[in-house]
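A.B. asks: just a sequence and a predicted model for now, questions to come.
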Amino acid sequence: MILPRRSLIAAAMAALTLSTLPALAQEAAPAEQMPEGKVLPDIVLGKDDAPVTVIEYASFTCSHCAAFHTENWPKLKAEYVDTGKVKFIQRDVYFDAVGLWAGILARCGGDDKYYAVSDMIFDEQKTWLAASDGEGIAANLRKIGAKAGMMPEQMDACWADKQKVADLVATFQKNATADAIEGTPTFLIAGEKVQNQPWDDLKKIIDAKLAEAEKNG
(Lines give C-alpha, C1' and ligand atoms only; values in the text may rest on other atoms or scores of the structure.)
Protein backbone atom coordinates (compact mmCIF):
# COMPACT_ATOMS: atom_id res chain seq x y z
CA MET A 1 0.00 0.00 0.00
CA ILE A 2 1.61 3.26 -1.14
CA LEU A 3 0.75 6.82 -0.12
CA PRO A 4 2.86 9.98 -0.25
CA ARG A 5 4.45 10.32 3.18
CA ARG A 6 2.53 13.45 4.17
CA SER A 7 -0.71 11.85 3.02
CA LEU A 8 0.09 8.69 4.97
CA ILE A 9 0.50 10.59 8.23
CA ALA A 10 -2.35 13.02 7.58
CA ALA A 11 -4.82 10.31 6.58
CA ALA A 12 -4.00 8.24 9.61
CA MET A 13 -4.19 11.12 12.05
CA ALA A 14 -7.50 12.33 10.61
CA ALA A 15 -9.04 8.90 11.13
CA LEU A 16 -7.71 8.18 14.58
CA THR A 17 -9.93 9.77 17.19
CA LEU A 18 -10.79 7.84 20.30
CA SER A 19 -14.45 7.57 19.31
CA THR A 20 -13.46 5.31 16.38
CA LEU A 21 -12.43 2.52 18.75
CA PRO A 22 -14.83 -0.43 19.14
CA ALA A 23 -15.29 -0.21 22.90
CA LEU A 24 -16.01 3.50 22.80
CA ALA A 25 -18.07 3.59 19.63
CA GLN A 26 -20.79 1.64 21.40
CA GLU A 27 -21.31 4.63 23.68
CA ALA A 28 -22.10 6.91 20.70
CA ALA A 29 -19.89 9.57 22.23
CA PRO A 30 -18.86 12.64 20.22
CA ALA A 31 -15.45 12.54 18.57
CA GLU A 32 -12.79 12.78 21.26
CA GLN A 33 -9.21 13.72 20.54
CA MET A 34 -6.45 11.57 21.93
CA PRO A 35 -4.25 12.74 24.80
CA GLU A 36 -0.60 13.47 24.12
CA GLY A 37 1.26 10.23 23.53
CA LYS A 38 4.80 9.09 24.22
CA VAL A 39 6.99 7.01 21.94
CA LEU A 40 7.13 3.33 22.93
CA PRO A 41 10.22 1.15 22.57
CA ASP A 42 10.43 -1.36 19.74
CA ILE A 43 9.42 -4.96 20.39
CA VAL A 44 12.45 -6.97 19.30
CA LEU A 45 12.43 -10.52 18.02
CA GLY A 46 15.75 -12.35 17.94
CA LYS A 47 19.09 -11.99 19.66
CA ASP A 48 20.06 -8.52 20.82
CA ASP A 49 23.60 -8.99 19.50
CA ALA A 50 22.53 -10.13 16.01
CA PRO A 51 24.84 -8.47 13.44
CA VAL A 52 22.01 -7.15 11.24
CA THR A 53 18.74 -5.49 12.19
CA VAL A 54 15.71 -5.72 9.89
CA ILE A 55 12.84 -3.33 10.56
CA GLU A 56 9.54 -3.79 8.76
CA TYR A 57 6.93 -1.05 8.55
CA ALA A 58 3.64 -2.89 8.13
CA SER A 59 -0.08 -2.14 8.17
CA PHE A 60 -2.55 -4.78 9.33
CA THR A 61 -4.95 -3.70 6.56
CA CYS A 62 -2.31 -3.90 3.80
CA SER A 63 -2.72 -6.95 1.54
CA HIS A 64 0.94 -6.84 0.46
CA CYS A 65 1.97 -6.95 4.13
CA ALA A 66 -0.22 -10.00 4.69
CA ALA A 67 1.33 -11.64 1.63
CA PHE A 68 4.82 -10.98 2.96
CA HIS A 69 3.94 -12.50 6.32
CA THR A 70 2.42 -15.54 4.67
CA GLU A 71 5.09 -16.17 2.06
CA ASN A 72 8.38 -14.61 3.16
CA TRP A 73 8.27 -14.04 6.90
CA PRO A 74 8.57 -17.78 7.73
CA LYS A 75 11.75 -17.93 5.59
CA LEU A 76 13.21 -14.81 7.15
CA LYS A 77 12.47 -16.06 10.65
CA ALA A 78 13.80 -19.59 10.09
CA GLU A 79 16.93 -18.69 8.13
CA TYR A 80 18.00 -15.50 9.85
CA VAL A 81 16.13 -14.62 13.07
CA ASP A 82 16.08 -18.08 14.67
CA THR A 83 19.76 -18.61 13.76
CA GLY A 84 20.87 -15.40 15.47
CA LYS A 85 21.91 -13.59 12.29
CA VAL A 86 19.12 -11.00 12.26
CA LYS A 87 17.28 -9.01 14.90
CA PHE A 88 13.75 -8.26 13.62
CA ILE A 89 11.48 -5.36 14.53
CA GLN A 90 7.96 -4.78 13.23
CA ARG A 91 6.66 -1.22 13.38
CA ASP A 92 2.94 -0.80 12.86
CA VAL A 93 1.57 1.74 10.40
CA TYR A 94 -2.01 2.94 10.86
CA PHE A 95 -3.61 3.95 7.57
CA ASP A 96 -7.07 3.93 9.10
CA ALA A 97 -9.04 3.31 12.27
CA VAL A 98 -9.45 -0.38 11.52
CA GLY A 99 -5.71 -0.86 11.27
CA LEU A 100 -5.38 0.83 14.66
CA TRP A 101 -7.96 -1.54 16.18
CA ALA A 102 -5.86 -4.46 14.98
CA GLY A 103 -2.66 -2.85 16.23
CA ILE A 104 -4.11 -2.37 19.70
CA LEU A 105 -5.23 -6.00 19.74
CA ALA A 106 -1.74 -7.16 18.74
CA ARG A 107 -0.34 -5.37 21.80
CA CYS A 108 -3.16 -6.38 24.13
CA GLY A 109 -1.59 -9.64 25.29
CA GLY A 110 1.70 -7.96 26.17
CA ASP A 111 5.01 -7.71 24.34
CA ASP A 112 5.70 -11.44 24.68
CA LYS A 113 2.60 -12.29 22.62
CA TYR A 114 2.84 -9.42 20.14
CA TYR A 115 4.38 -11.34 17.25
CA ALA A 116 2.17 -14.37 17.72
CA VAL A 117 -0.99 -12.25 17.68
CA SER A 118 0.34 -10.15 14.79
CA ASP A 119 0.87 -13.31 12.77
CA MET A 120 -2.72 -14.39 13.44
CA ILE A 121 -4.07 -11.00 12.34
CA PHE A 122 -2.11 -11.16 9.07
CA ASP A 123 -2.96 -14.82 8.47
CA GLU A 124 -6.68 -14.12 8.83
CA GLN A 125 -6.70 -10.67 7.23
CA LYS A 126 -9.09 -11.53 4.39
CA THR A 127 -11.54 -13.06 6.86
CA TRP A 128 -11.70 -10.34 9.50
CA LEU A 129 -11.71 -7.53 6.94
CA ALA A 130 -14.55 -9.16 5.01
CA ALA A 131 -17.20 -7.84 7.42
CA SER A 132 -19.52 -5.22 5.98
CA ASP A 133 -19.21 -2.69 8.80
CA GLY A 134 -17.09 -1.68 11.77
CA GLU A 135 -19.14 -3.70 14.22
CA GLY A 136 -18.52 -6.85 12.20
CA ILE A 137 -14.81 -6.14 11.88
CA ALA A 138 -14.54 -5.59 15.64
CA ALA A 139 -16.37 -8.87 16.25
CA ASN A 140 -13.98 -10.68 13.92
CA LEU A 141 -10.97 -9.20 15.69
CA ARG A 142 -12.45 -10.35 19.00
CA LYS A 143 -12.43 -13.91 17.62
CA ILE A 144 -8.71 -13.62 16.94
CA GLY A 145 -8.13 -12.24 20.41
CA ALA A 146 -10.06 -15.13 21.90
CA LYS A 147 -7.90 -17.62 19.98
CA ALA A 148 -4.88 -15.90 21.52
CA GLY A 149 -6.33 -16.44 25.01
CA MET A 150 -7.72 -12.95 25.63
CA MET A 151 -10.97 -12.44 27.50
CA PRO A 152 -13.64 -10.01 26.18
CA GLU A 153 -13.12 -7.61 29.08
CA GLN A 154 -9.37 -7.62 28.40
CA MET A 155 -9.90 -6.57 24.78
CA ASP A 156 -12.42 -3.91 25.83
CA ALA A 157 -9.91 -2.52 28.32
CA CYS A 158 -7.18 -2.36 25.67
CA TRP A 159 -9.38 -0.57 23.14
CA ALA A 160 -10.57 1.83 25.85
CA ASP A 161 -7.07 2.65 27.15
CA LYS A 162 -6.81 6.25 25.89
CA GLN A 163 -3.20 6.75 26.90
CA LYS A 164 -1.98 3.49 25.33
CA VAL A 165 -3.81 4.30 22.10
CA ALA A 166 -2.23 7.76 22.05
CA ASP A 167 1.19 6.21 22.67
CA LEU A 168 0.78 3.80 19.76
CA VAL A 169 -0.23 6.59 17.38
CA ALA A 170 2.61 8.84 18.57
CA THR A 171 5.07 5.98 18.08
CA PHE A 172 3.82 5.35 14.55
CA GLN A 173 3.91 9.03 13.66
CA LYS A 174 7.44 9.67 14.96
CA ASN A 175 9.01 6.55 13.47
CA ALA A 176 7.30 6.75 10.08
CA THR A 177 8.16 10.43 9.75
CA ALA A 178 11.79 9.97 10.83
CA ASP A 179 12.30 7.14 8.34
CA ALA A 180 10.34 8.88 5.54
CA ILE A 181 7.99 5.90 5.11
CA GLU A 182 5.73 6.27 2.08
CA GLY A 183 4.03 2.89 1.98
CA THR A 184 3.91 -0.64 3.31
CA PRO A 185 5.61 -2.95 3.57
CA THR A 186 8.87 -1.02 3.69
CA PHE A 187 12.03 -2.45 5.22
CA LEU A 188 15.12 -0.99 6.83
CA ILE A 189 17.89 -3.55 6.45
CA ALA A 190 20.95 -2.51 8.46
CA GLY A 191 19.74 1.06 8.06
CA GLU A 192 19.12 0.91 4.29
CA LYS A 193 15.54 1.54 3.19
CA VAL A 194 14.33 -1.28 0.95
CA GLN A 195 10.97 -1.57 -0.77
CA ASN A 196 9.04 -4.84 -0.85
CA GLN A 197 10.41 -7.31 -3.40
CA PRO A 198 10.68 -11.05 -4.06
CA TRP A 199 12.29 -13.15 -1.35
CA ASP A 200 15.40 -13.99 -3.37
CA ASP A 201 16.14 -10.28 -3.82
CA LEU A 202 15.55 -9.48 -0.15
CA LYS A 203 17.77 -12.42 0.78
CA LYS A 204 20.62 -11.08 -1.35
CA ILE A 205 20.43 -7.73 0.43
CA ILE A 206 20.42 -9.38 3.87
CA ASP A 207 23.35 -11.63 2.93
CA ALA A 208 25.32 -8.64 1.65
CA LYS A 209 24.68 -6.76 4.90
CA LEU A 210 25.76 -9.81 6.91
CA ALA A 211 28.96 -10.09 4.88
CA GLU A 212 29.64 -6.41 5.43
CA ALA A 213 29.04 -6.73 9.17
CA GLU A 214 31.40 -9.70 9.35
CA LYS A 215 34.06 -7.81 7.42
CA ASN A 216 33.78 -4.81 9.69
CA GLY A 217 33.34 -6.91 12.76
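C.D. replies: All right, it came through fine.

A.B. asks: if you drop the residues flanking it in sequence, what lies closest to the spatially most central residue of the chain?
C.D. replies: Taking CA atoms, centre = their mean, the centroid of the chain lies closest to residue 92, which sits 2.7 Å from it. Spatial nearest neighbour of residue 92, chain neighbours left out: residue 103 (4.4 Å); criterion: CB to CB, 6 or more residues apart in numbering. Where you see a C-beta, it was placed from the backbone N, CA and C, and this is true even at glycine.

A.B. asks: got it, and residue 166?
C.D. replies: residue 37 (3.4 Å).

A.B. asks: separation between the one you found and residue 169?
C.D. replies: 6 Å (CB to CB, to the nearest Å).

A.B. asks: and if you look at residue 109?
C.D. replies: 20 Å.

A.B. asks: so where's the chain shaky on pLDDT?
C.D. replies: 1-34, 217 (pLDDT under 70).

A.B. asks: can you map out the strands along it?
C.D. replies: Using DSSP state E, the strands found in the chain span residues 44-45, 52-58, 86-92, 186-189, 192-195.

A.B. asks: can you give me the offset of the fourth one from its chain's centre?
C.D. replies: Centroid displacement of strand 186-189 relative to its chain, using CA atoms, centre = their mean, to the nearest Å, is 13 Å.

A.B. asks: partners of it in the sheet?
C.D. replies: Taking DSSP bridges as the criterion, strand 186-189 sits next to strand 52-58 (antiparallel), strand 192-195 (antiparallel) in its sheet.

A.B. asks: got the contact list for it?
C.D. replies: Residues outside strand 186-189 that contact it (CB atoms under 8 Å, 6 or more residues apart in numbering) are 52-57, 179, 193-196, 202, 205-206, 209.

A.B. asks: how about the contacts made by residue 61?
C.D. replies: Counting by CB under 8 Å, 6+ apart, residue 61 has contacts 1, 95-96, 98-99, 102, 125, 129.

A.B. asks: which among those residues gets closest to residue 69?
C.D. replies: residue 125 (8.8 Å; CB to CB).

A.B. asks: residue contacts, the closest residue in space to the closest one that isn't next to it in sequence?
C.D. replies: If you skip the residues right next to it in sequence, residue 125 has residue 66 as its closest partner in space, 4.3 Å away by CB to CB, 6+ apart. By CB under 8 Å, 6+ apart, the contact list for residue 66 reads 122-123, 125-126.

A.B. asks: got a quick PyMOL command for the buried subset of those?
C.D. replies: Buried residues among the contacts of residue 66 (16 or more other CB atoms under 10 Å), as a PyMOL selection:
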select buried, resi 122+125
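
A.B. asks: ok, now which ones touch the residue nearest to residue 92?
C.D. replies: Here residue 103 is in contact with 60, 92, 94, 168 (criterion: CB under 8 Å, 6+ apart).

A.B. asks: list just the nearest of those to residue 175.
C.D. replies: Nearest member of the contacts of residue 103 to residue 175, counting by CB to CB, is residue 92, at 9.3 Å.

A.B. asks: against residue 106, how distant is the closest one?
C.D. replies: 7 Å.

A.B. asks: alright, calling it a day.
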